[in-house]
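J.: What shape does this take:
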Amino acid sequence: MWQHGDAKGYSDVLPFNYFSKIGSDKVRKHLVNGPDGSRHRAQCRVKIAEAHADLDYTSFPEFNTEQGMELGVMRLVFEDSRRTLVREVLWKDQHATRFAQQKVTVRSRHDYEAVLGDVDRLLPLYQDVEINKGSGPVAMPPPAPFVFRPGCSAKASSAVAHVQTQLDIVLLRHNELQRAPYNRLISQYGRDEVSTEQPNGVGSRIDVVVRRGNGYWFYEIKTAESPRDCLREAIGQLLEYAFWPGGQGATRLIVVGEAPFDNEGLQYLRQLKERFSLPIEYEQISI
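T.: Here you go, the predicted structure:
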């Protein structure tokens, strides 16, 4: 996601085959998601080198201007010649002579394993909607039971994640944030008492779980820029983990985010505790 200028808040979604062959010089169109949920299209000419790719939007000024897109060249600098990990994003304005490094908001997205797991889980629904046109009930795979397994799943901190032909250029801040509370919690309670990516028994996975006697603490990690957004994204998931029939209950529900908590957030959680007796908390973490 772009973090400054007129493009602030916009995210480019790029077809995976853009970067498959060195030397390709093809005209492409791709999706651009706006900060308000709007969707736009951008047209560019793509040139691939060994360890970087240039997406030139200046070749199609009329189309891109009508879509509200800036004119310039975006350069993706990859970690190596495989062109699967993006190291940095550069931008050169239409009349500029040099590229400038861009500040990118670190976003939480699924890693390869989680993406493939979601695809497997949702495939029956996709087949029913697209092939059977919703002609009958969808048989979803049975969820894994809640069986506490201590340990931390090793995951990348940056990647180009893709499902079929679509990808998001993503920096997996979520994975870095997950390791930080895991390391702190195992130092407090021991390795045998802390788990990550724990199946919750009803078809989802909990970011971090701490076992305390016969009870469990559930942690949901969010990378949103404000505590309000972190709470909005996490509370529904935590409630489902703890209260969905067949799931494992929890004695504490903790939303984890980088954003410092504020007075409005404190009042909000206080009301949830007083009116609904929810054991919900917020924990700020810095790495």
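J.: What ranges does the stretch 151-287 of the chain have for its helices?
T.: If DSSP state H, counting those that start in this stretch is used as the criterion, the helices of the stretch 151-287 of the chain fall at 173-189, 227-243, 263-276.
J.: Next, format these as JSON lines and append distance to Trp217.
T.: Quick note: C-beta positions are derived from backbone N, CA and C, even for glycine. Formatted as JSON lines, these follow (distance: least, CB to CB, whole Å):
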{"stretch": "helix 173-189", "distance to Trp217": "9"}
{"stretch": "helix 227-243", "distance to Trp217": "10"}
{"stretch": "helix 263-276", "distance to Trp217": "16"}
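J.: could I get the ones you listed as TSV with mean pLDDT?
T.: Output for those, formatted as TSV (pLDDT from 0 to 100):
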stretch	mean pLDDT
helix 173-189	83
helix 227-243	92
helix 263-276	94
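J.: Out of those, which is closest to Pro35?
T.: Pro35 sits nearest to helix 227-243 of all the helices of the stretch 151-287 of the chain, at 12.1 Å, using CB to CB.
J.: How about residues contacting the closest one?
T.: Helix 227-243 is contacted from outside by 200, 202, 204, 206, 218, 220-222, 224, 247-250, 253, 255-257, 259-262, 264-265, 268-269, 272, 278, 280, 282, 284, using CB atoms under 8 Å, 6 or more residues apart in numbering.
J.: what about that helix, distance to the chain center?
T.: 15 Å (CA atoms, centre = their mean, to the nearest Å).
J.: For this structure, which segments are assigned as strands?
T.: With strands called from DSSP state E, the chain shows them at 11-15, 25-33, 39-48, 52-56, 72-78, 86-93, 100-101, 159-163, 166-170, 194-199, 205-212, 215-221, 252-257, 280-284.
J.: need those in TSV with distance to Ala180 and mean neighbour count, can you?
T.: As requested, the strands of the chain are arranged in TSV below (distance: least, CB to CB, whole Å; neighbours: other CB atoms under 10 Å):
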stretch	distance to Ala180	mean neighbour count
strand 11-15	25	19
strand 25-33	28	14
strand 39-48	34	18
strand 52-56	31	19
strand 72-78	27	20
strand 86-93	22	16
strand 100-101	26	11
strand 159-163	19	19
strand 166-170	19	19
strand 194-199	11	23
strand 205-212	10	21
strand 215-221	9	22
strand 252-257	9	22
strand 280-284	11	16
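J.: Can you add mean pLDDT and distance to Leu239 and give those strands back as CSV?
T.: Below are the strands of the chain laid out as CSV (pLDDT from 0 to 100; distance: least, CB to CB, whole Å):
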stretch, mean pLDDT, distance to Leu239
strand 11-15, 79, 28
strand 25-33, 85, 27
strand 39-48, 91, 30
strand 52-56, 93, 41
strand 72-78, 91, 39
strand 86-93, 88, 35
strand 100-101, 90, 41
strand 159-163, 44, 27
strand 166-170, 40, 27
strand 194-199, 90, 16
strand 205-212, 92, 12
strand 215-221, 94, 10
strand 252-257, 94, 8
strand 280-284, 94, 9
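J.: so Val208 makes contact with Leu185?
T.: Yes: counting by CB atoms under 8 Å, Val208 does reach Leu185; the two are 7.0 Å apart.
J.: Common neighbours of the two, please.
T.: In contact with both Val208 and Leu185: Val194, using CB under 8 Å, 6+ apart.
J.: From Glu70, how far off is Ser59?
T.: 14 Å (CB to CB, to the nearest Å).
J.: So which of these two has more stuff around it?
T.: When Ser59 and Glu70 are compared for neighbours, Glu70 comes out ahead with 18 against 13, by other CB atoms under 10 Å.
J.: Isn't that one up against Leu55?
T.: No: contact criterion CB under 8 Å: Glu70 and Leu55 do not qualify, at 12.0 Å.
J.: Quick one: residues contacting Leu55.
T.: For Leu55, the contacting residues are 14, 18, 28, 44-46, 73-76, by CB under 8 Å, 6+ apart.
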